[in-house]
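Trainee: can you look at this prediction? I've put the sequence above it.
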Amino acid sequence: MSTNSRHDAWRTGESYDRYMGRWSRQLAPRFLDWLGVQPGRDWLEVGCGTGALSREILARCQPRSQVCVDPSEGFINLAMQQEKDPRVHFHVADAQDLPFEASSHDVIVSALVLNFIPDRYKALLEMRRVCRQGGIIAFYVWDYPGGGVEFMRKFWQAAIFLDPSAVDLAEDVRFPFCTPEGLTEIAQNAGLREIEITQIEINAVFRDFEDYWQPFTLGAGPAPGYCASLDPRTRERLREKLQHQLTAAEDGSITLKARAWAVRTRVDSSHG
């Protein structure tokens, strides 16, 4: 495991849901509305996590079939508990080695996961392999380099102030390609065409500071993994630093922006 990925703990579905899942659920419908896929298609979701996008596909897109894969057994188990529709099937699988036949799906999507896949190019080639001619491959990632996920950025700013060595763990340093230019290059290198990119932005509203802070203590994800690794005294210093920096409304709520880049591509007749 590389030094800067040592806190990428994604095994516990419930903890992830508290940290990121609630914001993923807000992005998913906007992504699908932009995608505009016709009913009756065979869908594959790569890196389904706890099922935020999975449930929206079923609710909005009328798929003929839907397969959702993720390398985390914990995530898959939670997603299966929450979704019982007979059209959807969940499997533990690696995005870099998809267990499906070539040209077996019409629409392949991936939500907020491409940056965490060790070999992104290989994953996109696998998606291209299993996508039918004329099919769609689409994905979205957080705008880490542009500071688009303010609640994460605030956390790392405070953490780095107290521990300068944490700078290499922050997502903006680790994932500099999460920009329109970087994502376009990745898609082009995988042989994808008709590349379109749009911005999706939501408000991440926390009831109060504790609602903001508590998910960081659960260990699911890079920032929470780092937070959980701290000794109690250092963690309390980080907590106090953040509470001092964040501005709350009169009712105690804290509102921070969360922005993602969405990419839509098409597989042409030359793929193979």
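Mentor: Yep, that arrived.

Trainee: contacting residues for the most centrally placed residue in the chain?
Mentor: Most central residue of the chain, judged by C-alpha distance to the mean C-alpha position with CA atoms, centre = their mean, is residue 112 at 1.8 Å. Under the criterion of CB atoms under 8 Å, 6 or more residues apart in numbering, the contact list for residue 112 reads 20, 24, 27, 47, 49, 140, 141, 142, 260. Glycine gets a C-beta too; all of them are placed from N, C-alpha and C.

Trainee: out of the residues you listed, give me the one that has the most neighbours.
Mentor: Neighbour count (other CB atoms under 10 Å) singles out residue 140 as the most crowded of the contacts of residue 112, with 30 neighbours.

Trainee: looks to me like that residue is in a helix.
Mentor: No. Under DSSP: H, G, I helix; E, B strand; the rest coil, residue 140 sits outside any helix and is assigned strand.

Trainee: can you name the residues bridging to the nearest residue to residue 247 once chain neighbours are set aside?
Mentor: Counting by CB to CB, 6 or more residues apart in numbering, residue 254 is the residue found nearest to residue 247 once chain neighbours are left out, at 7.2 Å. Applying DSSP bridges to residue 254 yields these beta-bridge partners: residue 206.

Trainee: from residue 267, how far out is residue 254?
Mentor: Relative to residue 267, residue 254 is positioned 42 Å away (CB to CB, to the nearest Å).

Trainee: who's more crowded, those two?
Mentor: residue 267 (24 against 19).

Trainee: can you list the weak-confidence ranges in the chain?
Mentor: Of all residues in the chain, those with pLDDT under 70 make up the ranges 1-15, 269-272.

Trainee: just the helices in it please.
Mentor: Listed from the start of the chain, the chain has helices (DSSP state H) covering 13-16, 22-35, 52-61, 73-82, 120-130, 150-162, 171-174, 180-189, 209-213, 222-229, 232-245.

Trainee: list the helices and strands the second one packs on?
Mentor: Contact analysis of helix 22-35 by 3 or more CB pairs under 8 Å, 6 or more residues apart in numbering; DSSP states H and E lists helix 52-61, strand 105-111, strand 131-142, strand 193-206, strand 254-266 as its packing neighbours.

Trainee: and among those, the most buried is which?
Mentor: Ranked by mean neighbour count under mean count of other CB atoms under 10 Å, the helices and strands packed on helix 22-35 are led by strand 105-111, which reaches a mean of 25.

Trainee: so who does residue 248 touch?
Mentor: Contact criterion CB under 8 Å, 6+ apart gives 208, 209, 254 as the residues in contact with residue 248.

Trainee: let me know the closest of these to residue 149.
Mentor: Closest approach between the contacts of residue 248 and residue 149, by CB to CB: residue 254, at 14.1 Å.

Trainee: how much space between the closest one and residue 246?
Mentor: Counting by CB to CB, the gap between residue 254 and residue 246 amounts to 6 Å.

Trainee: what's the overlap in contacts for the two?
Mentor: Both residue 254 and residue 246 are contacted by 209, 212, under the criterion CB under 8 Å, 6+ apart.

Trainee: which residue is the nearest non-sequential neighbour of residue 207?
Mentor: Nearest-residue entry for residue 207: residue 253, 5.9 Å, with adjacent residues in sequence omitted and distances by CB to CB, 6+ apart.

Trainee: what number of residues lie near residue 186?
Mentor: 20.

Trainee: try residue 250
Mentor: Around residue 250 sit 5 other residues, with neighbours defined as other CB under 10 Å.
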